[in-house]
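Trainee: Output the structure for:
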Amino acid sequence: KHIRLKSGVEFLKTDVGNLIFIKHLRKFNMKNLTSLSLILSFTILLGHGSKVFANSFQNKNSWKAGVARVKITPEESMWMAGYASRDHPSEGKLTDLWAKALLLEDANGKRAIMISTDLVAIRQVISEPVRNRIQKLFGLTRSQILINASHTHTGPETQSAPHVFSLEKKELEKIDRYAKKLEDQLVNLVAEAIKNLKPATIFSENGVSRFQVNRRNNNENKLDLQTELKGPNDFAVPVIKVVDEKGKIMAIAFGYACHNTVLGIYEWSGDYAGFAQIELEKKYPGATALFFQGAGADQNPLPRKTVALAMQYGETLAASVNSVLKEKMKPISPNLTLSYSEIDLKFEKASPTIEELKFIISDSSDTPAYLKANAKVLLSKLEKGEKLMTSYPYPVQVWKLGEQALITLGGEVLVGYAIELKKIFGKNIFVFGYSNDVMAYIPTSTVWKEGGYEAARSPIFTTPWASNIEEVIIKEVKKLAEETGLKP
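Mentor: All right, here's what the predicted structure looks like:
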């Protein structure tokens, strides 16, 4: 409906009662213009413009989030990762494997990407090129990128180099093909998440679940005879809930500190973590559930070895997450503070010589076959004139999502790190292991002294990490925490 004022100005009355200026029909004097200015100002404030300003205010003072997912189940039978005892390629699929992304953008336009993967590990040969490409294409630096592996032991192998002396050429080629495709998929995943950005509200809270068992201090084969279990443990279930403008859950990021090793079958599976994600996505249609492995390198899901148990633990974890979602959660202020570094972790002993490696691979040595294969790889490098590493660039990351602190560490991190960091920074922080690069077990100083499977090897299997490994890592976390404003 058109409205013409005495001043000669024509307006259009909209269906919501707002007045929109169309044109003026004759010249105005200054008094007319002043009156018109006042009319327009009040019209904008009281009508359509008030909504525009409100929306603008909301957008500038709230989160945006984008979610994406891609199926990463191998399309052909190939070698599986996780267990050195495997003697043939995969034989089918129990569940699909996924890579999923949650992109967060704060009120100042700063972004961070969280990527979860149903893989045993994200190793340097994958994480380096992926993060380099993400930075080149989307301007996200190392501090803004988190890539985590669920540590399922029923996923594909992604690195052929360790197997060059133990697998046939065709199997090595399958691994290389898969790894190249995976790299492209992870980069494209970020592009998709950016495209899906929209206003959101974010909440966080910790839940609890108790199916993890400390495998160093409890005998799996005698578990049914025990009346109590020995720790240490970290039963926390960190949860991040992302809700869209309509109040619908669009993403659920959650974690748990426990080896993803219920299953050792020859079928692709996300194991208990995969079943937990499936259960949550059934319960919340349209939502994407992302699992992030915690500091669970010395924690096992026990008892285990059946699909029924994997499903049970998945449902148990999903129930823990769901209980958090149903309770009041803390809203997170739309502000990202991000830090990242790589520290030079030393080894306790010198790298092996040619003579030492030749003995390891000889018939006189009782070294396990898979380590002999590793020794052949190292020997090959030395015989080509290459040098072996004497230390390793270890990734450490500290994020503050508003008031929620998130600490991520590379490698297979033992639970003692989460316990120690929570003593320092409070029980409500989130701690993820298996992030950005998984190269070896990361023992605490206690476990290093005790020895055993998790303590004995660094990326160079003939030597453990240096005895001060925990001290060095915790010191670096404290440094990054100070940079991000995270106080003890």
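Trainee: ranges for the helices of the stretch 201-350 of the chain?
Mentor: In the stretch 201-350 of the chain, the helices defined using DSSP state H, counting those that start in this stretch lie at 271-283, 307-326.
Trainee: Buried deepest among these, which one?
Mentor: Sort these by mean neighbour count, taking mean count of other CB atoms under 10 Å, and helix 271-283 sits at the top with a mean of 23. The way it works is simple: take the backbone N, C-alpha and C, and place the C-beta from them, glycine included.
Trainee: could you give me the average pLDDT of stretch 475-485?
Mentor: Average pLDDT, stretch 475-485: 97.
Trainee: Identify all contacting residues around it.
Mentor: Contact partners of stretch 475-485, identified using CB atoms under 8 Å, 6 or more residues apart in numbering, comprise 337-341, 343, 396-400, 405, 407, 409, 421, 424-425, 487-488.
Trainee: Any buried residues in that stretch, and which?
Mentor: Residues of stretch 475-485 classed as buried: 476, 477, 478, 480, 481, 484 (neighbour count, 16 or more other CB atoms under 10 Å).
Trainee: and what of stretch 390-397?
Mentor: Buried residues in stretch 390-397, defined by neighbour count with 16+ other CB under 10 Å: 391, 392, 394, 395, 396, 397.
Trainee: lowest-confidence helix or strand of the protein?
Mentor: The helix or strand of the chain with the lowest confidence, counting by mean pLDDT, DSSP states H and E, is strand 19-24 at a mean of 37.
Trainee: if we can go back for a sec, which one of the buried residues of stretch 390-397 is nearest to residue 180?
Mentor: residue 395 (22.5 Å; CB to CB).
Trainee: Pretty sure the closest one sits against residue 342.
Mentor: Yes: taking contacts as CB atoms under 8 Å, residue 395 lies within contact range of residue 342: 5.4 Å.
Trainee: what distance separates the longest helix along the chain from the centre of its chain?
Mentor: Ranked by residue count under DSSP state H, the longest helix found in the chain is helix 169-195. In terms of CA atoms, centre = their mean, to the nearest Å, the centre of helix 169-195 is set 17 Å apart from its chain centre.
Trainee: and the end-to-end length of stretch 380-390?
Mentor: Stretch 380-390 has an end-to-end distance of 17 Å (CA to CA, to the nearest Å).
Trainee: And for stretch 418-433?
Mentor: End-to-end for stretch 418-433, by CA to CA: 9 Å.
Trainee: which outside residues touch that stretch?
Mentor: With contacts defined as CB under 8 Å, 6+ apart, stretch 418-433 is touched by 146, 148, 204, 206, 232, 234, 236, 238, 255, 257, 292-297, 404-413, 417, 442, 444, 470, 474, 477-478, 481, 486-488.
Trainee: Work out the gap between that stretch and the centre of the chain.
Mentor: Stretch 418-433 has its C-alpha centroid displaced from the chain centroid by 16 Å (CA atoms, centre = their mean).
Trainee: And residue 392, its phi and psi?
Mentor: Per-residue torsions, residue 392: phi -140, psi 140 (degrees, to the nearest 10).
Trainee: Tell me the spacing between it and residue 439.
Mentor: Taking CB to CB, to the nearest Å as the measure, residue 392 falls 6 Å from residue 439.
Trainee: And for residue 218?
Mentor: Counting by CB to CB, the separation of residue 218 from residue 439 is 27 Å.
Trainee: Equivalent analysis for residue 180, please.
Mentor: Going from residue 180 to residue 439 by CB to CB gives 21 Å.
Trainee: Kindly report the same for residue 396.
Mentor: Relative to residue 439, and taking CB to CB, residue 396 is found at 13 Å.
Trainee: what residues are shared contacts of these two?
Mentor: Common contacts of residue 396 and residue 439 (CB under 8 Å, 6+ apart): residue 410.
Trainee: show me what contacts residue 435?
Mentor: Residue 435 touches 122, 146, 147, 148, 149, 292, 395, 397, 408, 409, 410, counting by CB under 8 Å, 6+ apart.
Trainee: my read: the last one touches residue 392, true?
Mentor: In this case it means residue 410. No: assessed by CB under 8 Å, residue 410 is found out of contact with residue 392, at 9.1 Å.
Trainee: which neighbours do those two share?
Mentor: In contact with both residue 410 and residue 392: residue 439, using CB under 8 Å, 6+ apart.
Trainee: which residues touch the closest residue to residue 210 other than its chain neighbours?
Mentor: Distances taken as CB to CB, 6 or more residues apart in numbering put residue 235 closest to residue 210, at 5.2 Å, once the chain neighbours are dropped. When contacts are counted by CB under 8 Å, 6+ apart, residue 235 touches 208, 209, 210, 212.
Trainee: which one of those residues sits closest to residue 69?
Mentor: residue 209 (23.7 Å).
Trainee: State the number of residues packed around that closest one.
Mentor: Number of residues near residue 209 (other CB atoms under 10 Å) recorded here: 20.
Trainee: hmm, back to that, which among the contacts of stretch 418-433 count as buried?
Mentor: Using 16+ other CB under 10 Å as the burial test, the contacts of stretch 418-433 include 146, 148, 204, 206, 232, 234, 236, 238, 255, 257, 292-297, 404-413, 417, 442, 444, 470, 474, 477-478, 481, 486 as buried.
Trainee: Give me the subset of those lying in strands.
Mentor: Using DSSP state E, the members of the buried ones among the contacts of stretch 418-433 that fall within strands are 146, 148, 204, 206, 236, 238, 255, 292-293, 404-409, 412-413, 442.
Trainee: What pLDDT is listed against residue 73?
Mentor: Note for residue 73: predicted pLDDT of 98.
Trainee: Hmm, residue 270 and it touching each other?
Mentor: No: applying CB under 8 Å, one finds residue 73 not in contact with residue 270, separated by 9.7 Å.
Trainee: So which of these two has more stuff around it?
Mentor: Under the criterion of other CB under 10 Å, the comparison of residue 73 against residue 270 puts residue 270 first, with 28 against 16.
Trainee: With that, I have no additional questions.
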